[in-house]
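Q: Sequence and predicted structure are below.
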Amino acid sequence: MPALEVRGLSYAYGSMKVLDGVDFHVDEGEIVTLIGPNGAGKTTLLNVVARSLRLREGTVLLRGEDTGRCSQADMVRRGLLLVPEGRQVFGALSVEDNLLLGRYVRRREGRAGADLDRVYRLFPRLRERSRQLAGTLSGGEQQMLAIGRAMMGAPRVMLLDEPSLGLSPQMVERIMDALSQLRDQGVTIVLVEQNAFAALRLADRGYLLQTGRIVGSGSSENLAHDPTVRHVYLGSATDEGGDDAGSAPPGES
Ligand SMILES: Nc1ncnc2c1ncn2[C@@H]1O[C@H](COP(=O)(O)OP(=O)(O)OP(=O)(O)O)[C@@H](O)[C@H]1O
Ligand SMILES: [Mg+2]
């Protein structure tokens with residue numbers, strides 16, 4: 001049974017329909033990426049699943065259980081957490097206080113030490129900066145903090161909206177590596193990225209969203225070579241994208 005399953009999800013802002021009958025699922029312990037161009041509806045989709053936006057049409061199941069009228073807080077209690085676009089850390093609080101707040105949203109009982117330690121092992125840089133004000137962290141460090149804060153809620157399913165936005169290639173690699181470690185620890189991950197080829201390198205499977213509809217899906221390997229994906233991304237993507245676009249001399253491997 002999938003960790004998360006979405007069926008027939010549609011959403012409109014006023015009269016403008018931006019999601020139209022979206023279906024996808026994520027199995028336990030998988031990383032699935034949702035890729036698609038600007039305005040495709042990726043952020044809206046994550047926000048509806050996490051209930052930052054109201055679910056009006058469609059079904060969202062967590063381990064087979066219908067989440068019906070759940071609020072965002074209910075979803076968090078059921079183990080689904082969203083790391084929204086733009087990091088949104090509390091700049092005037094220390095790194096550690098930001099992390100402790102992440103624990104509070106899940107109403108976790110007991111001592112925080114083990115939870116903090118798990119985050120600090122994944123992101124040693126946050127341990128070094130635990131007393132620094134979050135607002136003075138670099139962009140990449142703030143992204144680590146946003147992920148760490150979600151980890152403090154002990155999620156089963158983590159949704160991430162463009163965690164690599166605006167980061168250097170090395171920082172993108174570190175974030176992707178952290179997500180891979182989280183998956184190894186059993187967290188199921190839905191990753192929204194414009195950095196499609198970086199996302200596909202990490203993910204097990206992916207879906208291509210275009211103007212509110214899923215227009216392609218498959219293993220990361222297949223999607224990375226899919227003509228539609230390449231058409232959407234090559235030339236418009238900001239990353240290296242064309243790593244194997246056929247420009248390598250024949251015989252090279
Ligand atoms: N609050 C809003 N009110 C009206 N329209 C909105 C609102 N938020 C998003 N939209 C529109 O909905 C569509 C989907 O937006 P969304 O942010 O979900 O796309 P996206 O795939 O995340 O894009 P990007 O890659 O640029 O982040 C866009 O056309 C956008 O202009
Ligand atoms: Mg977006």
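A: Received the coordinates, thanks. Ligands and ions are numbered 1, 2, ... in the order given.
Q: Show me which residues of the stretch 51-200 of the chain sit near ligand 1.
A: Proximity of the stretch 51-200 of the chain to ligand 1 is assessed by C-beta under 6 Å from any ligand atom, with residue 194 identified as the residues in range. For glycine as for every other residue, the C-beta is placed from the backbone atoms N, C-alpha and C.
Q: residue boundaries of the helices in the stretch 51-200 of the chain?
A: Residue ranges of the helices in the stretch 51-200 of the chain, as given by DSSP state H, counting those that start in this stretch, are 72-77, 95-105, 113-122, 124-128, 139-151, 169-184, 196-202.
Q: what is the mean pLDDT for the longest one?
A: Per-residue pLDDT values across helix 169-184 average out to 94.
Q: any idea of the angle that helix forms with helix 113-122?
A: 140 degrees (axes from the mean of the first three to the mean of the last three C-alpha atoms, to 10 degrees).
Q: Name the residues of helix 169-184 that are buried.
A: Buried residues in helix 169-184, counting neighbours by 16 or more other C-beta atoms under 10 Å, are found at 171, 172, 174, 175, 176, 178, 179, 182, 183.
Q: quick one: the third one from residue 230, how far?
A: By that I understand residue 174. Spatial separation of residue 174 from residue 230 under the definition C-beta to C-beta, to the nearest Å is 27 Å.
Q: do the first one as well
A: According to C-beta to C-beta, residue 171 stands 26 Å off from residue 230.
Q: again, but for the fourth one
A: Using C-beta to C-beta, one gets 24 Å for the distance from residue 175 to residue 230.
Q: any weak-confidence spans in the stretch 51-200 of the chain?
A: 105-109 (pLDDT under 70).
Q: residue of it with the smallest distance to ligand 2?
A: Taking C-beta to the ion, ligand 2 has its nearest neighbour within the stretch 51-200 of the chain at residue 85, 5.6 Å off.
Q: Which residue is the nearest non-sequential neighbour of that residue?
A: Among residues not flanking residue 85 along the chain, residue 161 sits closest, at 4.1 Å (C-beta to C-beta, 6 or more residues apart in numbering).
Q: Count the residues that sit near residue 117.
A: If you count neighbours by other C-beta atoms under 10 Å, residue 117 ends up with 11.
Q: one step back: okay if I get the helices of the stretch 51-200 of the chain as JSON lines plus distance to residue 34?
A: As requested, the helices of the stretch 51-200 of the chain are exported to JSON lines (distance: least, C-beta to C-beta, whole Å):
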{"stretch": "helix 72-77", "distance to residue 34": "18"}
{"stretch": "helix 95-105", "distance to residue 34": "23"}
{"stretch": "helix 113-122", "distance to residue 34": "23"}
{"stretch": "helix 124-128", "distance to residue 34": "27"}
{"stretch": "helix 139-151", "distance to residue 34": "17"}
{"stretch": "helix 169-184", "distance to residue 34": "14"}
{"stretch": "helix 196-202", "distance to residue 34": "9"}
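Q: Lovely, talk soon.
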